[in-house]
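*Asks:* how does the following fold in three dimensions:
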Amino acid sequence: MNNVYTIIKKPLFTEKGSALKESENKLLVEVGKDANKLEIKKAIEEIFKVKVEKVATIKTHGKWKRYGKSIGKRSDRKKALITLKKGEKLDFIEGA
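*Replies:* Predicted coordinates for the structure are as follows:
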């Protein structure tokens, strides 16, 4: 994975993610399926110019869903829970 923008796909805005951001200074982002923790750490530090303390990854498998007569499967995802070092702050969208 060469490009940092193929590693970091998008931030995830959820209630649990915003609570972690406020209480423990952690971020929740969706990442590429084949990205490892070192690549994720380097990409976050390069894009947002912050220091990363720890990266935890979570793989979620897509659910099977019915759409009328047919059955489909949602795509698999990989999320990263990023802990920033003390004193570091990152706000994707603040006040919006």
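
*Asks:* now Arg66: phi and psi?
*Replies:* When read as degrees, to the nearest 10, the backbone of Arg66 gives phi -100, psi 130.

*Asks:* roughly how far does it sit from Asp76?
*Replies:* Taking CB to CB, to the nearest Å as the measure, Arg66 and Asp76 are separated by 19 Å. All C-beta atoms are positioned from the backbone trio N, CA, C, and that covers glycine.

*Asks:* residues near Thr6, how many?
*Replies:* 14 (other CB atoms under 10 Å).

*Asks:* which residue packs closest to it, ignoring adjacent ones?
*Replies:* What sits nearest to Thr6 in space, not counting adjacent residues and going by CB to CB, 6 or more residues apart in numbering, is Gly32, at 5.7 Å.

*Asks:* and the contacts of the top helix by length along the chain?
*Replies:* Among the elements of the chain assigned as helix by DSSP state H, the one spanning the most residues is helix 37-48. Residues lying outside helix 37-48 but in contact with it, judged by CB atoms under 8 Å, 6 or more residues apart in numbering, are 1, 4-5, 7-8, 27, 29, 31, 35, 50-52, 55, 57, 80, 82, 90.
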